[in-house]
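Visitor: after the sequence you'll find the predicted model.
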Amino acid sequence: MNVFLRELNAYRKSTVIWCASLSAILLIFMSLYPAFTNDVTAAKQVLEQFPETLRTALNISLSSFFTIYGFYGYLLSFAILAGSIQAMNIGTGIISKEVSGKTADFLLSKPMTRAQVVSAKLAAALTIIVITNVVFAGVSYLVALMVATEKFAAGTLFLLASTMFLVQLIFLALGALFAVLIPKIKSVIAVSMPTVFTLYIIGTLGDVLGNDKVRYLSPFKFFDTTYIIKNVSLEGKFLAIEAAIVVVAVAASYIIYIKKDVRASA
Amino acid sequence: MNIYLREMKAHRTGLIWWCVGMVGLVASGMAKYDAYQGAGVSIEELFATVPKGVMVIFGMTGFDLTKASGFYGVLFLYIALMAAIHAALLGSHLISKEERDRTSEFLYAKPVSRSSALTSKLLAGLTMVVILNIATLLSSFYFVDFFGKGESITADILILMAGLFLLQLIFFTIGTVAAGVVRRPKAAPSIATSFVYLALLVSYLVNMNENLDFLKYLSPFKYFDAAILMADGRLDPVYVALSVVIVVLAVFGTYRFYSARDLTV
Amino acid sequence: MNVIETTKLTKYYGKSRGIVDVDMTVTEGEIYGFIGPNGAGKSTTIRTLLGLIHPTSGSATIFGKDVTTSGPAIREEVGYLPSEVFYYDDMRVIDLLRYSASFYKKDRKAIEQRIKHLAELFDLDLKKKIDDLSYGNKKKVGIIQGLAHEPKLIILDEPTGGLDPLIQQQFFHLLKEENEKGATILFSSHILSEVQKLCDRVAIIKDGSIIKVEQIKTLLENSTKRFKLELVNMPDASAFAIEGVSDLALVNHSVSFLYRGRINEITKMLAGQDLIDFLVEEPDLEEIFMHYYQKEDVQ
């Protein structure tokens, strides 16, 4: 419990900053929604002339796109990009900090098993992510209420918002795994940034260029907003892939962390 | 010279990976072009009638994807994003690493001034930025030619790479000045990369809504918009001037703040 | 009862040697010195005992429990001070010490009181940020966090670096007190006079293996004494040709030699000399130590 509380405390300030930034992204983007709705009528007519193949390639579903869900889903991709960086920073940082800060001698000579240390740290990380998502979903709902021109289902909105949590979870687990795999992490952000942006670029490029298989490679594309809006559910296949990734990464993190030698810090 | 060489060596592996990543990005991006050509419709005209905000949401910014050049134009944003992150991380790490690794006592107990150490580090950074740029340039030439089937866009690529270079310089020096100002060595890379993220965000906002056009000066990504660069065939002097001003100010600030402040040991 | 017992404890870091077949027994209530030059394997042994690194082969027990399987239970009763101390920069001294205390089952209030007491003893400001402390003061934080919970076993890895002589003396005094209260102490060092001052028994480690374990007393008794003389006349080398004399050096009016044997023989000889000054020294551990090392090298 002490390690858990200590970590929550250590991340307090950064969590507040992250929540504020994510809310700011929401506010700024959603404030554009009214202007966007004006464009929509004109756009619909044009887009209907597009060849069917092209429309599928672009992944446009006309009926769902020009709603508040579609717009929210779009801005969500930026929030998720930011949120992923947050999650990976925490995952990598919380596990690697004792080694990089040379405090491993202190912590691991206390009467705790390493598994307990990892559990406390991951629990703290998960708590931070949950708090961030509760704030994010709450602000999303409020902002949507403010800008929406017609009624919308809160359930769909929250389901969309939940994809942020799911993607963050993957990056949290990947972060923890990287933290135990890379021997000396001097800078957390030098690990998290390239990883997150590489996967983001892969996903987005695949999207723009209409390659469906890329979806399996990039967590950013696991949960398609169009599908969610249409079916009001998440794709089971990708939930399973997500669960597999998280379980494997976390399990591997435990195993490696427990087995690892903590060498003299000098 | 010793510091310069030391930094080049310390960042060598990292730089190689960044170059590999960049070549991979260009190669895989252009490889998709093959698959895309099948559509066969010139959609340029169609797109011309779509409102800007809607276009952006599709990830289309007015490129004809049936042409290799249009394809490369789409790709360029991601190339720029990657290069910007590299530059920001590089700049902030070069300056903050001595404090982070607690080697600042070692280094500055030697008969070197902070500004001369800084000069070596900046030159090392500049070299690496150039190397990544050249890797991008060469791989772009090769793969656009390979998949482009004769369409020559050498001039376009050269212009884009010139823009890319300025973009890299901007984020590199933002990274160095962040590390020069901030006392906590670990905070510098976070600050530098948030600038990249913010700039990206602003560029999307500008794309979405014409009323926000004035914001374009805040985002270096907008200075070197591939569609405009390729259409004009040259860099916009206003943006070039703006870039130079930012870079000069940032370099000046780096020297100024880094030399003046107490080092963390 | 044996507090620490290792059997053929071996650790390789990949191919590079850490320690090889270390057999070590530390009994309850003793202060056990662990001495050797840098890189001999002192820290490797200690880190294995603490479960920070995992042995390649062999085994080790503390309080009769295996270190690889009963880590937490063992560490409940262990206090450890590493050779270099690093703590969380964002904490104040008291935060770190309370955080440290929070890991143990012992009564929190008692620990808190002891922290206050020790901080007073070492003149350490509990409210300061750790980041702002000097290295010596960080070391004091290390000592307090290691001793605050009154562990039964205190493990110290080259603990005196960065402490000024006065604090060092207080620290040794404190260790002796703890020892009298029943604590067992494992003390590693490369500074021999420290070990000489504090320890009951000493193990000498070299190249990853223990080459000698000896009572400090025996180590000192069994050895030679150093004589230093200052004479009125120029000395005559032949006068010192007595059995047991070695390392003879004549410089102007000074004579210095090592002697091992009956002291009477020497005093008889000295009676015939015209002395200005005369000094007999206990050879320090350093000389004994070199002696062991050289012997080992010859073999």
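Guide: Yes, it's here.
Visitor: so for the single longest helix found in chain B, what gets flagged as buried?
Guide: Looking across chain B with DSSP state H, the single longest helix is helix B:114-148. For helix B:114-148, the neighbour count (16 or more other CB atoms under 10 Å in any protein chain shown) marks B:114, B:117-118, B:120-122, B:124-125, B:128-129, B:132-133, B:135-137, B:139-141, B:143-145, B:147-148 as buried. In short, each C-beta sits where N, CA and C put it, glycine included.
Visitor: now stretch A:239-254
Guide: Neighbour-count burial for stretch A:239-254 [16+ other CB under 10 Å]: A:241-242, A:245-246, A:249-250, A:253-254.
Visitor: where does pLDDT dip in the chain?
Guide: Using chain A here. A:39-47, A:49-65, A:207-212, A:264-266 (pLDDT under 70).
Visitor: if you could check chain B rather than the one you did, that'd help
Guide: Residue ranges of chain B with pLDDT under 70: B:34-66, B:150, B:264-265.
Visitor: center of it - which residue?
Guide: In chain B, the centroid-proximal residue (CA atoms, centre = their mean) is B:Ala84; its distance is 2.9 Å.
Visitor: now do the contacts for B:Lys97.
Guide: By CB atoms under 8 Å, 6 or more residues apart in numbering or on different chains, the residues touching B:Lys97 are A:186, B:103, B:185.
Visitor: of those residues, just say which sits nearest to chain C.
Guide: B:Pro185 (10.9 Å; CB to the nearest CB).
Visitor: what segments of chain C are strands?
Guide: Ranges of strands in chain C, per DSSP state E, are C:2-13, C:16-27, C:31-35, C:57-62, C:65-66, C:78-81, C:153-157, C:184-189, C:201-206, C:209-215, C:225-231, C:245-251, C:254-259, C:275-281.
Visitor: possible to save those as TSV with mean pLDDT?
Guide: Formatted as TSV, these follow (pLDDT from 0 to 100):
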stretch	mean pLDDT
strand C:2-13	93
strand C:16-27	92
strand C:31-35	92
strand C:57-62	94
strand C:65-66	92
strand C:78-81	92
strand C:153-157	93
strand C:184-189	93
strand C:201-206	89
strand C:209-215	87
strand C:225-231	85
strand C:245-251	83
strand C:254-259	86
strand C:275-281	86
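Visitor: nearest to chain A, out of the ones you listed?
Guide: Per CB to the nearest CB, nearest to chain A of these: strand C:78-81, 4.3 Å.
Visitor: can you list the strands that the closest one pairs with?
Guide: strand C:153-157 (parallel) (DSSP bridges).
Visitor: name the residues that touch the strand it pairs with?
Guide: Contacts for strand C:153-157 (CB under 8 Å, 6+ apart): C:3-4, C:42-43, C:46, C:49-50, C:62-63, C:77-83, C:146-147, C:175, C:178, C:183-188.
Visitor: out of the residues you listed, which end up buried?
Guide: C:3-4, C:42-43, C:46, C:49-50, C:62-63, C:77-83, C:146-147, C:175, C:178, C:183-188.
Visitor: hmm, back to that, what is whichever helix or strand comes after the longest helix of chain B packed up against?
Guide: With elements assigned by DSSP states H and E, the helix or strand that comes after helix B:114-148 is helix B:154-181. Contact partners of helix B:154-181 among helices and strands, from 3 or more CB pairs under 8 Å, 6 or more residues apart in numbering or on different chains; DSSP states H and E: helix B:68-100, helix B:114-148, helix B:187-208, helix B:220-223, helix B:226-232, helix B:237-260.
Visitor: just give the nearest non-adjacent residue to C:Lys181, would you?
Guide: C:Glu150 (7.8 Å; CB to CB, 6 or more residues apart in numbering or on different chains).
Visitor: burial of whatever residue of the stretch 151-299 of chain C ends up closest to chain B, as a residue count?
Guide: Closest approach of the stretch 151-299 of chain C to chain B (CB to the nearest CB) occurs at C:Gly162, with a separation of 14.6 Å. Residues near C:Gly162, counting by other CB atoms under 10 Å in any protein chain shown, number 18.
Visitor: ok, now A:Ser119?
Guide: With other CB under 10 Å as criterion, A:Ser119 counts 15.
Visitor: ok, B:Ala260 - how many residues close by?
Guide: So B:Ala260, with other CB under 10 Å, has 9 neighbours.
Visitor: does the helix or strand harbouring A:Ser96 reach chain B?
Guide: Applying DSSP H and E as the criterion places A:Ser96 in helix A:68-100. Yes: contact of helix A:68-100 with chain B (CB under 8 Å from any CB of the partner chain) involves A:70-71, A:74, A:78, A:81-82, A:85.
Visitor: other residues contacting the strand or helix carrying A:Ala244?
Guide: Using DSSP H and E, A:Ala244 maps to helix A:236-259. Applying CB under 8 Å, 6+ apart, the external contacts of helix A:236-259 come out as A:95, A:113-115, A:117-118, A:122, A:166, A:169-170, A:173-174, A:176-177, A:179-181, A:215-216, A:219, A:222-223, C:54.
Visitor: give me the angle between that helix and helix A:68-100.
Guide: Between the axes of helix A:236-259 and helix A:68-100, defined by axes from the mean of the first three to the mean of the last three CA atoms, to 10 degrees, the angle is 10 degrees.
Visitor: residues near the closest residue to C:Phe257 other than its chain neighbours, how many?
Guide: Nearest residue to C:Phe257, sequence neighbours excluded (CB to CB, 6+ apart): C:Leu248, at 4.3 Å. By the criterion of other CB under 10 Å, C:Leu248 has 15 neighbours.
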